[in-house]
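Q: Just need the structure, nothing else, for what follows:
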Amino acid sequence: MADAPVLMLAAVTMAGLVAAGCDPSSTAEPEAPTVAQPDAGDAAVARLGIEIPRPLENQPGTQGRPQDEASIARAILANPAAYKPEAYVYVTKYLWERGDRQQAAFWHFLFQIRTAPWLAHDPQLGPFRGGVNSSVGATINDWLGSDFDAWLETTRRAISYERRMPLSPERPAGLSESQWSAEVARARSSWEADFRQITGPAGPTRAQMEAQRRSNGRYVGPLQDPGAPLPADWR
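A: Next up, the predicted model:
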């Protein structure tokens, strides 16, 4: 069975696909995801809610330091391995606000997959990741869940693309490169296993998920305002 943190995929994904608990009378457009502003001392959120992430040392193309969220996002898109994966939330927010919603969803899945192996080593990451999933993730999953085929395509391509992305050279203290690679592989496999469970014969059918969304007053149909399509090499 997948580890509890990784099972967040199932919970978050199903919440988006069926939008359980949403106000049936609501027809409002999803709002732009935000990085929550923390109370003083909330280091889990302050790391990305306030601080500008610094690129890892000795990475090509990282001279200087981005000074605003859009610059951070563009720097990460140009060289993802130069940043810890928790910073990918900046890309998600940037793409969503730019109007490229499907691309934002793609990077949210990359954020989920790449941060999963860090959970056991960073006590601050769990609360931060949970906050992202309940704010940014909830907005994206509700929007993407209207179109089952688009959800499948976006998730499958994110899974495939993540396998090809170079890992950040940073790893938890005390782990060798081979040990860390093994942990990353285990977390990745657990995330993918949850996805297969949702989409496999034992999971809910498309008709069931669409019926549940409709019963909760949520839109079902082609993606609304998806923006630019996923680039051809994001797969």
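Q: where in this protein is pLDDT low?
A: Scanning the chain for pLDDT under 70 picks out 1-67.
Q: how about the strands in it?
A: Read by DSSP state E, the chain holds no strands at all.
Q: any idea how far the one residue sitting closest to the centre of it lies from Thr154?
A: With distances taken as CA atoms, centre = their mean, the residue of the chain nearest its centroid is His108 (2.1 Å). Counting by CB to CB, to the nearest Å, the separation of His108 from Thr154 is 9 Å. Quick note: C-beta positions are derived from backbone N, CA and C, even for glycine.
Q: rewinding a little: contact partners for the residue nearest to the centre of the chain?
A: By CB atoms under 8 Å, 6 or more residues apart in numbering, the contact list for His108 reads Tyr88, Val89, Thr92, Val136, Gly137, Ile140.
Q: all helices for the protein, in order.
A: Per DSSP state H, the chain carries helices over the ranges 8-18, 43-49, 69-78, 88-98, 101-115, 125-134, 136-144, 148-164, 177-199, 206-215.
Q: Dump those helices into TSV; add distance to Leu223 as well.
A: Putting those into TSV (distance: least, CB to CB, whole Å) gives the following:
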stretch	distance to Leu223
helix 8-18	12
helix 43-49	27
helix 69-78	21
helix 88-98	13
helix 101-115	6
helix 125-134	20
helix 136-144	7
helix 148-164	5
helix 177-199	18
helix 206-215	14
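Q: out of the ones you listed, which comes closest to Asp225?
A: Of all these, it is helix 101-115 that lies closest to Asp225, at 6.3 Å by CB to CB.
Q: Work out the gap between that closest one and the centre of the chain.
A: Distance, stretch centre to chain centre, for helix 101-115: 3 Å (CA atoms, centre = their mean, to the nearest Å).
Q: circling back to that earlier point, mutual contacts of His108 and Thr154, please.
A: Joint contacts of His108 and Thr154 (CB under 8 Å, 6+ apart) do not exist.
Q: Just list the residues touching the nearest residue to Ala73 once chain neighbours are set aside, thanks.
A: Spatial nearest neighbour of Ala73, chain neighbours left out: Tyr94 (3.4 Å); criterion: CB to CB, 6 or more residues apart in numbering. For Tyr94, the contacting residues are Glu69, Ala70, Ile72, Ala73, Arg74, Ala104, by CB under 8 Å, 6+ apart.
Q: right, and the last one touches Leu95 too?
A: It refers to Ala104. Yes. If you go by CB atoms under 8 Å, Ala104 and Leu95 touch, sitting 3.9 Å apart.
Q: More neighbours: which of those two?
A: Set side by side, Ala104 and Leu95 show more neighbours around Ala104, with 27 against 23, by other CB atoms under 10 Å.
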